[in-house]
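**Student:** this one's structure only:
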């Protein structure tokens, strides 16, 4: 019986260069740093089940008419059940003068496998790639 949740994080490539948002994306869970994910990578983490937890995505971006550098933090609520597998896609949203921030969306296995075909497995995902599910 599994005592953890399996969570894949997928960060697709973008069609155009986005400068600072192309750098590594910081992912925190419940206020503590969980991992850093590069553009074009996907990875896997095993988490303790949680009924409701806040995931924070943090990236650098440029804002305003003078293109000042700013940290963007976006929070998302997730629940992770014991023995379940989740696929979270992290995508940038260009807010123009407000800067670029990232969204986190849970997708199904089929969608995750389609995305993973163009991504590099990183970390634990090298041992358990999505293609093997």
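**Tutor:** Everything's here; your move. What you see is a predicted model, and the numbers here were worked out from it, not measured in a lab.
**Student:** Tell me which residue is most central in this protein.
**Tutor:** residue 90 (3.9 Å; Cα atoms, centre = their mean).
**Student:** Could you list the low-pLDDT ranges of the protein?
**Tutor:** 1-2, 17-19 (pLDDT under 70).
**Student:** thinking again about what came up before, touching the helix or strand harbouring the residue nearest to the centre of the chain from outside, list them.
**Tutor:** Using DSSP states H and E, residue 90 maps to strand 85-94. With contact meaning Cβ atoms under 8 Å, 6 or more residues apart in numbering, strand 85-94 is reached by 5-12, 14, 18, 21, 25, 27, 37, 55, 57, 59, 78, 80, 100-109, 111-112, 115, 130, 133. The C-beta positions use only the backbone N, C-alpha and C, and glycine is treated the same way.
**Student:** Helices along the protein, start to end?
**Tutor:** With DSSP state H, the ranges of helices along the chain come out as 109-116.
**Student:** For residue 125, which non-adjacent residue is spatially closest?
**Tutor:** Spatial nearest neighbour of residue 125, chain neighbours left out: residue 44 (4.3 Å); criterion: Cβ to Cβ, 6 or more residues apart in numbering.
**Student:** residue contacts, that neighbour?
**Tutor:** Here residue 44 is in contact with 6, 7, 8, 9, 123, 124, 125, 128 (criterion: Cβ under 8 Å, 6+ apart).
**Student:** do the same with residue 100
**Tutor:** Residue 100 touches 18, 20, 21, 59, 61, 72, 92, 93, 94, counting by Cβ under 8 Å, 6+ apart.
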